[in-house]
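Peer 1: have a look at this prediction, sequence included:
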Protein chains: 2
Amino acid sequence: MTAAIGGRRRQRSTRQGGLVRDQLAAADGFRSAQSVFSDLRARGEVIGLSTVYRHLQALADDGEADTLQTAEGEALYRLCGQTSHHHHHLVCRICGRTEEIEGRGVEQWAAQMAEQHGFTDVGHTIELLGICGACTADGTKS
Amino acid sequence: MTAAIGGRRRQRSTRQGGLVRDQLAAADGFRSAQSVFSDLRARGEVIGLSTVYRHLQALADDGEADTLQTAEGEALYRLCGQTSHHHHHLVCRICGRTEEIEGRGVEQWAAQMAEQHGFTDVGHTIELLGICGACTADGTKS
DNA sequence: CGCCTCAATGATAATGATTACCACACTTCG
DNA sequence: CGAAGTGTGGTAATCATTATCATTGAGGCG
Ligand SMILES: [Zn+2]
Ligand SMILES: [Zn+2]
Ligand SMILES: [Zn+2]
Ligand SMILES: [Zn+2]
């Protein structure tokens, strides 16, 4: 009843909205609201913390950004390539570089597990966290 | 350097430790620290919030309990059957009932993705969240 | 059993991310 | 220009978790 069927959600496009989106786009990895905020401020931009949170959530709601949570419970956001294309992430725990990955095998497995146990309406959270090639190299020498 | 190689970690066994463990064991689903605390208090037990947090983390560290995070960033704990046996969970988002699941296919997929992208030391977070048979039935009638 | 030592406890304060508020600025349109 | 309404952003409020630290109780020993 609440849902606006059409896609549009953010009705006015504002300078701050662009800033947040650009900042996210600039980084190829996941970023926290706090870090997006302080980076923007550090760059001399004038924007409020509340506004950053608002726009990040708007992006997430519109499906333009993916989110995940750190082990410490901090929410991270990332602009993702194809909107509405189901995928997962392989994130470098050092530099944050992120690869979008997918696999119908996993999706099938999830569905199968659900069915096998009589569960319905099953969604899943799948994130891979490791160390990317570049960071491995960095750590190797020295 | 800190690690005691052997299994034992909690050196003194206390009443409070038992309480926390029992409370976890009583529920078959994941429980938050706050809820374990308030349930114990509601039962008339005398225990501090700090202590509940401490014991939950100790259990998690010892591998006796698994943890996961809600979308809101709250940490949940659950005593799991076989210690040191790698598995994942299929959790009912209504009643919290939890099934332990596994699948070497998924593990292989994760490993393969990691290798394919040159990532090393890759771990994964995989949780399935749905509605169990009982809860589906409940929702159907009415 | 009584004593001693130190880990464990728990009330409380501190932290840190996120949200709620709300007065104010900027758009838009008549 | 002026009214109406959205978006902003500083600040206060939330809420889970952690840090402090004085007090308690477990266990070992004589
Ligand atoms: Zn993505
Ligand atoms: Zn998937
Ligand atoms: Zn259920
Ligand atoms: Zn696994």
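Peer 2: Received the coordinates, thanks. Ligands and ions are numbered 1, 2, ... in the order given.
Peer 1: can we go C-alpha only for contacts and neighbour counts from here?
Peer 2: Noted.
Peer 1: tell me which residues in the lengthiest strand in chain A are buried?
Peer 2: Using DSSP state E, we find that the single longest strand of chain A is strand A:120-131. Judged by neighbour count using 16 or more other C-alpha atoms under 10 Å in any protein chain shown, the buried positions of strand A:120-131 are A:Thr120, A:Val122, A:Gly123, A:Ile126, A:Glu127, A:Leu128, A:Leu129, A:Gly130, A:Ile131.
Peer 1: and stretch A:96-111, by the same measure?
Peer 2: A:Gly96, A:Arg97, A:Thr98, A:Glu99, A:Ile101, A:Glu102, A:Val106, A:Glu107, A:Ala110, A:Ala111.
Peer 1: what about the residues you listed, which are in strands?
Peer 2: Per DSSP E, these map to strands at A:Thr98, A:Glu99, A:Ile101.
Peer 1: could I get those as JSON lines with pLDDT and distance to A:Gly29?
Peer 2: JSON lines is the format used below for these (pLDDT from 0 to 100; distance: C-alpha to C-alpha, whole Å):
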{"residue": "A:Thr98", "pLDDT": "92", "distance to A:Gly29": "5"}
{"residue": "A:Glu99", "pLDDT": "93", "distance to A:Gly29": "9"}
{"residue": "A:Ile101", "pLDDT": "94", "distance to A:Gly29": "14"}
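Peer 1: ok, these vs DNA strand C, which is closest?
Peer 2: A:Thr98 (18.7 Å; C-alpha to the nearest atom of the strand).
Peer 1: so who does the closest one touch?
Peer 2: By C-alpha atoms under 8 Å, 6 or more residues apart in numbering or on different chains, the residues touching A:Thr98 are A:Asp28, A:Gly29, A:Phe30, A:His89, A:Leu90, A:Val91, A:Cys92.
Peer 1: and A:Gly18, that's in a strand?
Peer 2: No. Checked against DSSP: H, G, I helix; E, B strand; the rest coil, A:Gly18 lies outside a strand; its state is helix.
Peer 1: against ligand 3, how distant is it?
Peer 2: 42 Å (C-alpha to the ion, to the nearest Å).
Peer 1: before we move on, what about A:Ala60?
Peer 2: 28 Å.
Peer 1: quick one, what contacts that residue?
Peer 2: So A:Ala60 contacts A:Asp66, A:Thr67, A:Tyr77 (C-alpha under 8 Å, 6+ apart).
Peer 1: what is the nearest of those to chain B?
Peer 2: Nearest to chain B among these is A:Thr67, at 9.8 Å by C-alpha to the nearest C-alpha.
Peer 1: so that closest one is in contact with A:Tyr77, correct?
Peer 2: Yes. Between A:Thr67 and A:Tyr77 there is a contact under C-alpha atoms under 8 Å: 4.6 Å.
Peer 1: when these two are compared, which one has more neighbours?
Peer 2: A:Tyr77 (22 against 19; other C-alpha atoms under 10 Å in any protein chain shown).
Peer 1: can you tell me what sits against the helix or strand where that one lies?
Peer 2: Taking DSSP states H and E as the definition, A:Tyr77 sits inside strand A:75-79. Strand A:75-79 has contacts (C-alpha under 8 Å, 6+ apart) with A:21, A:24-25, A:28-33, A:56, A:60, A:64-70, B:73.
Peer 1: now do the helices in chain A.
Peer 2: With DSSP state H, the ranges of helices along chain A come out as A:15-26, A:33-42, A:49-61, A:104-116, A:133-140.
Peer 1: pLDDT of the third one, averaged?
Peer 2: Per-residue pLDDT values across helix A:49-61 average out to 96.
Peer 1: now do the fourth one
Peer 2: Per-residue pLDDT values across helix A:104-116 average out to 95.
Peer 1: can you check the second one too?
Peer 2: Averaging the model's pLDDT scores along helix A:33-42 yields 97.
Peer 1: next, count neighbours for A:Asp61.
Peer 2: Count around A:Asp61 with other C-alpha under 10 Å applied: 12.
Peer 1: look up how far A:Gly133 lies from A:Tyr77.
Peer 2: 23 Å (C-alpha to C-alpha, to the nearest Å).
Peer 1: gap between the two ends of stretch A:27-40?
Peer 2: Span of stretch A:27-40 from end to end, C-alpha to C-alpha: 12 Å.
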